[in-house]
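# after the sequence you'll find the predicted model.
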Amino acid sequence: MSDVLAPARLGPLTLRNRVIKAATFEGRTPDALVTDDLVEFHREVAAGGVGMTTVAYCAVAPGGRTDRHQIWMREEALPGLRRLTEAVHGEGAAISAQLGHAGPVANAKSNQAPALAPSRMFNPLGMRFTKVPDALGIAEVVAAHAGAARLARTAGFDAVEVHLGHNYLASAFLSPMLNRRKDEYGGSLVNRARLAREVVKAVRDAVGDSMAVTAKLTMEDGVRGGFSIEESLQVAQWLQDDGALDALELTAGSSLLNPMAIFRGDAPRKNFAKVLPLPARWGFRLVGKGFLREYPYRPAYLADKARRFRQELTLPLILLGGITDLTTAQQAIDDGFDFVAMGRALLREPDLIRRWAPGAATPSLCTHCNECMPTIYTRTECVLRPTTPV
Ligand SMILES: Cc1cc2nc3c(=O)[nH]c(=O)nc-3n(C[C@H](O)[C@H](O)[C@H](O)COP(=O)(O)O)c2cc1C
């Protein structure tokens, strides 16, 4: 049996343990550049004992940000990114950049750039219609992922995580509901998966074996007519066969259509409504209950679905969702998952892993109240954490 706290290989890397800090957009980049606050956020998580932390999120193009306060990968960002990777390495952890294009989840108005989607749809945050890229536009998106990965390598990142989840652009292409294209990127599953596979291959080609390449894939969107688990299993199989990934992280839900399927637990409707821009806030008042549904929370709530992937794939897998204590994390490893990823528990207690020790009861203080979620629009933090110095 492998020990979750023992070193483990991830592609070309050896991580000091099997715990990865999951991407949680930090809200600490007001000018789309690294700040001291962002560096300190990840330094603290690294000092807290994780094997690897994940910077969320690094958009591959200005219009690929969920809003203009997010980093997009460009030369100007390089000095700050270098500082960030050095700080994390100084604490003995590895660092990954989550790369992606927000697609229909982007706020076009804030970005001053159109939001892309596989097919024309209304972009609620930007209050305008999305732009549908043609084959050339898609090629640009693929090339932008490769460019961003190269920049990440230059900045000293050890890994990149390609975002294929939550109905961001690549995941919106996977969805039969959002993707109604008639060209080679729409229709059959093989066509809908083309963008995701091209992006992953382009990233691998860009960085070779010098970095670990992982992807975060949605197992199901959690909406009727959306991307299903059977389809996701097939896409995961293709990604494995393509041979460009070192590991696959499994998620669920859609930032666009069903965010609470990502998180489970309490729906923070009141505070979410407060932080939305005005027209979207009015819309949210009307449909908020349907949009932010409550799902019962339980430890490792994605494990049942993820086990199906474990049974069918040989690719290393990262289990995510509701992992907050050593027993659950070790159980995931015993069940054949190679790594665990943790989001909210490490927002609550960045030093949790350092305090984990076999036999020691270190229950997480995270209550999955999800009040951290609305804070992404200001500065992401656990609202229960007593001190979060700016
Ligand atoms: C405040 C917050 C911000 C998040 N931002 C991102 C993000 O930028 N990219 C992403 O893929 N997932 C994001 N997530 C989802 C997490 O990576 C993870 O999938 C989810 O929180 C479930 O894991 P957990 O139970 O360990 O928290 C975010 C989650 C939270 C709570």
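That came in fine, so what should we check first?
# switch to C-alpha atoms for all contacts and neighbour counts from now on
Noted.
# what parts of the stretch 51-200 of the chain come near the ligand?
With Cα under 6 Å from any ligand atom as the criterion, the stretch 51-200 of the chain meets the ligand at residues A56, Y57.
# the stretch 51-200 of the chain: helices as residue ranges?
78-90, 108-111, 135-154, 169-174, 189-192, 194-207 (DSSP state H, counting those that start in this stretch).
# mind putting the ones you listed in CSV, mean neighbour count and mean pLDDT included?
Output for the helices of the stretch 51-200 of the chain, formatted as CSV (neighbours: other Cα atoms under 10 Å; pLDDT from 0 to 100):
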stretch, mean neighbour count, mean pLDDT
helix 78-90, 20, 98
helix 108-111, 20, 92
helix 135-154, 20, 98
helix 169-174, 30, 98
helix 189-192, 20, 98
helix 194-207, 22, 98
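# including distance to E40, could the ones you listed go into a markdown table?
Below are those laid out as a markdown table (distance: least, Cα to Cα, whole Å):
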| stretch | distance to E40 |
| --- | --- |
| helix 78-90 | 8 |
| helix 108-111 | 26 |
| helix 135-154 | 19 |
| helix 169-174 | 30 |
| helix 189-192 | 39 |
| helix 194-207 | 27 |
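# between these, which one is nearest to T314?
helix 194-207 (17.8 Å; Cα to Cα).
# just checking, what packs against that closest one?
Contacts defined by 3 or more Cα pairs under 8 Å, 6 or more residues apart in numbering; DSSP states H and E place helix 194-207 against helix 135-154, helix 169-174, strand 212-218, helix 229-242.
# contacts only, for A267.
A267 makes contact with M260, L292, R293, E294, C369, N370 under the criterion Cα atoms under 8 Å, 6 or more residues apart in numbering.
# with respect to the ligand, which of these is nearest?
N370 (6.5 Å; Cα to the nearest ligand atom).
# got phi/psi on the closest one?
Phi and psi for N370, reported as degrees, to the nearest 10, are phi 70, psi 20.
# residue contacts, it?
Counted by Cα under 8 Å, 6+ apart, N370 has contacts F263, G265, D266, A267, P268.
# could I get those as a markdown table with pLDDT?
A markdown table is the format used below for those (pLDDT from 0 to 100):
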| residue | pLDDT |
| --- | --- |
| F263 | 94 |
| G265 | 91 |
| D266 | 89 |
| A267 | 87 |
| P268 | 87 |
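# among the residues you listed, which one has the most neighbours?
Neighbour counts for those, by other Cα atoms under 10 Å, peak at F263, which reaches 26 neighbours.
# what's the spacing between that residue and the ligand?
5 Å (Cα to the nearest ligand atom, to the nearest Å).
# correct me if wrong: that residue contacts L302.
No: under the criterion of Cα atoms under 8 Å, F263 is not in contact with L302, lying 9.9 Å apart.
# which residues do these two both contact?
Common contacts of F263 and L302, defined by Cα under 8 Å, 6+ apart, comprise G321, G322.
# JSON lines for the contacts of A267, including pLDDT and secondary structure?
JSON lines is the format used below for the contacts of A267 (pLDDT from 0 to 100; DSSP: H, G, I helix; E, B strand; the rest coil):
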{"residue": "M260", "pLDDT": "92", "secondary structure": "helix"}
{"residue": "L292", "pLDDT": "85", "secondary structure": "coil"}
{"residue": "R293", "pLDDT": "87", "secondary structure": "coil"}
{"residue": "E294", "pLDDT": "85", "secondary structure": "coil"}
{"residue": "C369", "pLDDT": "94", "secondary structure": "coil"}
{"residue": "N370", "pLDDT": "95", "secondary structure": "coil"}
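# if you skip the residues just before and after it, what's nearest to A172?
The shortest distance from A172 to any non-neighbouring residue, by Cα to Cα, 6 or more residues apart in numbering, is to L178 (5.9 Å).
# again but with G336, I slipped
R310 (6.9 Å).
# who touches that neighbour in this structure?
R310 makes contact with L317, G336, F337 under the criterion Cα under 8 Å, 6+ apart.
# SS state for the last one?
This means F337. coil (DSSP: H, G, I helix; E, B strand; the rest coil).
# okay, now it: neighbour count?
24.
# same thing with the first one?
L317 is surrounded by 24 other residues when neighbours are defined as other Cα under 10 Å.
# let me see the contact set for it.
Applying Cα under 8 Å, 6+ apart to L317 gives the contacts A247, L248, E249, L250, R310, F337, D338, F339.
# contacts only, for the residue lying closest to T378 once chain neighbours are set aside.
With Cα to Cα, 6+ apart as the criterion, T378 has its nearest non-adjacent residue at 6.0 Å, and that residue is G27. For G27, the contact set (Cα under 8 Å, 6+ apart) comprises H69, Q70, T375, I376, Y377, T378, R379, T380.
# repeat for L384
Residues counted as contacts of L384 (Cα under 8 Å, 6+ apart) are R348.
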